[in-house]
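**Q** next input, structure requested:
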Amino acid sequence: MNPSSPSTAYASDQGRHGSGPAWLRLGLATVVVAGALGLGTNLVRAWPGRGPVEMPADQDRAEAKAQAKRKKVVVPFEMLPTNHMMVRARINGEGPYRLIFDLGAPITLLSNRASEAAGVVKADAPRSFLLGMRGEAEIDKLQAGDLTVTKLPVIVFDHPVLKALGDLVGRRIDGIVGFTLFARYRTTIDYQAHQMTFEPVDYQIRDLLKELPDRMLGPKVARHRVLAAAGLWGIQLGEPTGGLDAPGVPVTAVEEGSPAAQGGLRPGDVITTLDGRWTASIADVFAAAADVEPGRAAAVVILRDGQEMTRTVTPADGA
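**A** Numbering: from 1, shown residues only. Just a heads-up that it's a prediction; the model follows:
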């Protein structure tokens, strides 16, 4: 369900060719990790039993700075015919450059041409015979939409994928942005609006390039993950229609007396988000439901007769 980083949330259009309608009735245990961020910036606080307490100015400024760092920003993207998200970005003040934002890419890579033009590497920096690789470098500042990223590690080389994508769409592609950027943010992708929302999180980025040889040479262990609801919901789902333009996942049936029925869900409703997570496929609904333990109320945003509304469902124990 999650991409490379635990800090990233997204609505995927993958999994729409799954096994068909499924009842959210399995009672598998799940582990829910919850975190809360939120520091106020008022100079005067009211504490229980103590009345107003004046905070030092430097402490308030620190809290304001921390809050500013968590501000959400929006980046528009273009969906290419290849189903890749392309973003126009400025690198070190130069550009714009066309970059593919890829949640599954373990690194961020930049072509030699763009790297030289933006001053990421010097024009006379040595190249290897393999794809003109210059090795590791760092982008001082990357700007895309409202997003500004500093000190972004990249690998400089002319990956064949860049040329292949460019040939397919008829435009030069300058790089692929991957894990080294996305790991810094909680990311929400709105495919209908063609925009991504980034919210900073605290996450330590590992050096994946140094780990790569050990990963490739290490033992291969197959891992399987079963998506199932943590509690009983009582709804049956159908496959979304309309491709990337599908508004959500349709509800085809609701069990009488089930938590879904008590929460006001009806056949014909289209689930767009569940517990704050986008649901563009049956797998997305299952993944979101897996994090809602029995007895905890979850907001379900639906479309009914073209109108958006929110219903609250509290899954029950049961299998």
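**Q** quick check: phi and psi at E116.
**A** Main-chain torsions, E116, degrees, to the nearest 10: phi -70, psi -40.
**Q** what's the local residue count around it?
**A** For E116, the tally of surrounding residues (other C-beta atoms under 10 Å) stands at 17. Just so you know, the C-beta spots here come from the backbone N, C-alpha and C atoms, and that holds for glycine as well.
**Q** that one: what's it in contact with?
**A** Contacts here follow C-beta atoms under 8 Å, 6 or more residues apart in numbering; on that basis E116 touches 122-123.
**Q** which pLDDT value belongs to it?
**A** At E116, the predicted lDDT confidence score is 92.
**Q** quick one: the strands in the stretch 201-319 of the chain?
**A** For the stretch 201-319 of the chain, applying DSSP state E, counting those that start in this stretch gives strands covering 235-237, 249-254, 270-274, 277-278, 298-304, 307-313.
**Q** and those, which is most packed in?
**A** strand 235-237 (a mean of 24; mean count of other C-beta atoms under 10 Å).
**Q** tell me the mean pLDDT for that strand?
**A** Per-region confidence: strand 235-237 scores 92 on mean pLDDT.
**Q** kindly report the same for stretch 251-267.
**A** On average, stretch 251-267 scores 94.
**Q** looking at the strands of the stretch 201-319 of the chain, which one has the lowest mean pLDDT?
**A** Lowest mean pLDDT of those: strand 277-278, a mean of 86.
**Q** nearest to R98, out of the strands of the stretch 201-319 of the chain?
**A** Evaluated over those, closeness to R98 peaks at strand 277-278, with 25.3 Å, by C-beta to C-beta.
**Q** in the stretch 201-319 of the chain, which spans are helices?
**A** Taking DSSP state H, counting those that start in this stretch, the helices of the stretch 201-319 of the chain run over residues 208-217, 259-262, 282-290.
**Q** which of those comes out lowest on mean pLDDT?
**A** Across the helices of the stretch 201-319 of the chain, helix 208-217 gives the lowest mean pLDDT, at a mean of 59.
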